[in-house]
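Participant: No letters, just coordinates:
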Ligand SMILES: [Zn+2]
C-alpha cells in the first residue's frame, strides 16, 4: 500500500486501496455499506471530522459469516490496510488513524463546508 504524504497523492492511494479491497471483498463476499461521505452526511452519522470516508479512503463492510470477516481482516493486514471492528461492520481504511493525511482531510472538509455556505 502506498503512503500519501499530501493531498496530491490521494488519488493514487485511493486507486491502490480500492484495487486491494476489490480483491479482498471478492474473495470474502463482503458488501460495502459506506464509502464516500460528504461532510454533512459524515457529521450526521457521527463520523470523525478527519474521517477518511471524506476522501474515499475508507470502506465500511459487512460479511456473511464470522469466518469470511476474519479472512478479510487477515488479507487486509497483509496488504497494509488498516481496519477497525465496529461490531456491526468492519471499517477498512487506507492509512493509519492520525497519519499526516488527516491534515488534508481537514483542509478538504473546510473547503467543502465553505462551498456549501457559498463562501468559496
Ligand atoms: Zn467507516
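Facilitator: Nice, thanks for sending it over. Computed from a predicted model, the values in this text were never measured in an experiment.
Participant: residue of the chain with the smallest distance to the ion?
Facilitator: The ion sits closest to residue 91 of the chain, with a gap of 3.4 Å, by C-beta to the ion. From N, CA and C alone the C-beta is placed, and that goes for glycine too.
Participant: what's across from that residue in the sheet?
Facilitator: Listed by DSSP bridges, the beta-bridge partners for residue 91 are residue 60, residue 84.
Participant: Surely it touches residue 58?
Facilitator: Yes: between residue 91 and residue 58 a contact is recorded at 6.2 Å, counting by C-beta atoms under 8 Å.
Participant: So for these two, which sits in the more crowded spot?
Facilitator: Neighbours were counted for residue 91 and for residue 58 using other C-beta atoms under 10 Å; residue 58 has more, 25 against 18.
Participant: Check the offset of stretch 70-80 from the chain's centre.
Facilitator: Relative to its chain's centre, stretch 70-80 lies at 15 Å (C-alpha atoms, centre = their mean, to the nearest Å).
Participant: sorry, back to before: report pLDDT for the residue of the chain closest to the ion.
Facilitator: The pLDDT attached to residue 91 in the predicted structure is 96.
Participant: quick thing: my sequence starts at 238, can you match it?
Facilitator: In the new count, where the first residue is 238, that last one comes out as residue 328.
Participant: residue contacts, it?
Facilitator: Contact partners of residue 328, counting by C-beta atoms under 8 Å, 6 or more residues apart in numbering, are 295, 296, 297, 320, 321, 322.
Participant: for the fifth one, what are its contacts?
Facilitator: Shown in contact with residue 321 (C-beta under 8 Å, 6+ apart): 327, 328, 330.
Participant: average model confidence for stretch 298-310?
Facilitator: When pLDDT is averaged along stretch 298-310, the result is 97.
Participant: hmm, I was thinking of stretch 244-254
Facilitator: Averaged across stretch 244-254, the pLDDT comes to 88.
Participant: Buried residues, it. List them.
Facilitator: By 16 or more other C-beta atoms under 10 Å, the buried positions in stretch 244-254 come out as 247, 250, 251, 253, 254.
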